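what shape does this take:
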Amino acid sequence: MYKIKLEQRERVSNQQDLIITLAAIGVALILSGIFIALNGVNPFAAFGKVFSSAFGSMYGISETLLKSIPLIFTGLAVAIALNSKIWNIGAEGQLYFGAITATAYVMYGPVLPAPIMILTLLALGAIGGAFWAAIPALLKIKFKMNEVISTLLLNYVAMNIADYFLFGAWKGKDNFPYTTEFPDQAKLPQLGFGRVHFGIIIALVLVVIMFLVIYYTKTGYKLRLTGSSLKAAKYAGIDIKKMMFGVFLCSGALAGLAGIVQVIGVEYKLHQHISPGYGYTGIIVAWLARSNPFVIVIFAFFLSVLLKGADSLQIAMGLPAAVGVVIQSLILFAILGSELFKNYNLKLIKRSK
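Next comes the predicted model:
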């Protein structure tokens, strides 16, 4: 008889980390293939369709890039929190509240010249997301409430606040739950490649800024030190509560930007479905990227391929709409499970009689 013994690893090299992560993604895709086969579809044909829909035409590539924009924002939002070992599961709600806050200005405020109008809406989106993130921050700091629970529950509150306005004061003239179309001054300029808009430039600039702040500034050092060891951070004289609150605000602001950029870059109106779960997918993006801002761009594009492909599978092969969510969930569970192999060596030991 044999038993499995876990031995703590001292460290995992970057190469080992990459191999284990890629293996976890591979396992998730195999399980996804089994799920697809159980629905009566050839998994190889399905994955081929995913690939061709994302890269088989210029339109497919542009739409894949388009879906990656909000994922970069939400990936950055989750990542900056993870660097301090804070789990912000509320990027979805912060995304919606950022969009709500900026939309309120469009509904009631004056129309400004295009550059000023866009900057105003971006600022309000960030402020709205930061405000929504401040609630779980205060709950954690003042009452030690677990941020996973508070941020997750606040997602549904934010979406219901959006519904309150969309079914009420902001309902469109045709009596459907969406606002009237935003004025041209409130629309992000297109880049001339499909529907890809200026939001991708904003996202990439924020990637560079976040990388420099985290790895090359005193604030970034404090942030990472807080995440690696609270005792060490306290010993170094870091104000943990102040740092935690600031991280929450920055994380919420980035998620809020995702919301308003999606509205003024793609939708041009606020409605119930501006996000098919970008806030939740951002958690997977940040985790896969190990919170590295530049790697977030890569995995945001990878996940957008799956999102674009899932739409095609539903239309062309009759698979359920949830297939994309299932694949993402399997990837997340596989990545979480792979942490076992990154932290421990598994050994078979023969039991003594």
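
low-confidence ranges, this structure, go.
Across the chain, the ranges flagged by pLDDT under 70 are 1-10, 12, 346-348, 350-353.

residue ranges for the helices of it, please.
Assigned helices in the chain, in chain order: 14-38, 43-55, 58-82, 91-108, 114-143, 147-166, 199-216, 218-228, 230-235, 240-262, 278-288, 293-317, 323-343 (criterion: DSSP state H).

which strands and helices sit next to the fourth one?
Going back to what we said before, that points to helix 91-108. Under the contact definition 3 or more Cβ pairs under 8 Å, 6 or more residues apart in numbering; DSSP states H and E, helix 91-108 sits against helix 58-82, helix 114-143, helix 147-166, helix 240-262, helix 278-288. (C-beta placed from N, C-alpha, C; glycine too.)

using a markdown table, lay out those helices together with mean neighbour count.
Formatted as a markdown table, the entries for the helices and strands packed on helix 91-108 read as follows, by neighbours: other Cβ atoms under 10 Å:
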| stretch | mean neighbour count |
| --- | --- |
| helix 58-82 | 25 |
| helix 114-143 | 20 |
| helix 147-166 | 18 |
| helix 240-262 | 25 |
| helix 278-288 | 26 |
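
so which of those comes closest to Ile20?
Evaluated with Cβ to Cβ, the helices and strands packed on helix 91-108 place helix 278-288 nearest to Ile20, the distance being 11.8 Å.

distance of the residue nearest to the spatial centre of the chain from Trp170?
In the chain, the residue lying closest to the centroid (Cα atoms, centre = their mean) is Gly282, at 1.7 Å. Gly282 sits 26 Å away from Trp170, taking Cβ to Cβ, to the nearest Å as the criterion.

if we can go back for a sec, which ones are touching the residue nearest to the centre of the chain?
Gly282 is in contact with 71, 73-75, 77-78, 91, 255, 258, counting by Cβ atoms under 8 Å, 6 or more residues apart in numbering.

next: Ile283.
For Ile283, the contacting residues are 74, 78, 89, 91, 332, taking Cβ under 8 Å, 6+ apart as the criterion.

is it possible to get TSV of those residues that adds distance to Val305?
As requested, the contacts of Ile283 are arranged in TSV below (distance: Cβ to Cβ, whole Å):
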residue	distance to Val305
Thr74	16
Val78	19
Ile89	24
Ala91	20
Leu332	16
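
out of the residues you listed, who's nearest Leu166?
Using Cβ to Cβ, Ala91 is the member of the contacts of Ile283 that lies nearest Leu166, at 20.6 Å.

now Gly324. Nearest residue, chain neighbours left out?
In space, not counting the residues next to it along the chain, Gly324 is nearest to Ala310; the distance is 2.8 Å by Cβ to Cβ, 6 or more residues apart in numbering.

how far away is Gln185 from Pro110?
Taken as Cβ to Cβ, the spacing of Gln185 relative to Pro110 amounts to 10 Å.

same check, this time on Ile284
Plainly put, Ile284 is 40 Å away from Pro110 if you go by Cβ to Cβ.

list the contacts for the nearest residue to Gly125 once chain neighbours are set aside?
Spatial nearest neighbour of Gly125, excluding adjacent residues (Cβ to Cβ, 6+ apart): Ile260 at 2.9 Å. When contacts are counted by Cβ under 8 Å, 6+ apart, Ile260 touches 98-99, 101-102, 121-122, 124-126, 128.

so which of these would you say is closest to Ile202?
Nearest to Ile202 out of the contacts of Ile260 is Leu122 (Cβ to Cβ; 7.6 Å).

might one say that the closest one is in contact with Gly259?
No: at 10.7 Å, Leu122 and Gly259 do not qualify as touching, with contact defined as Cβ atoms under 8 Å.

mind listing the shared neighbours of the two?
With contacts taken as Cβ under 8 Å, 6+ apart, Leu122 and Gly259 have Ala102 as neighbours in common.
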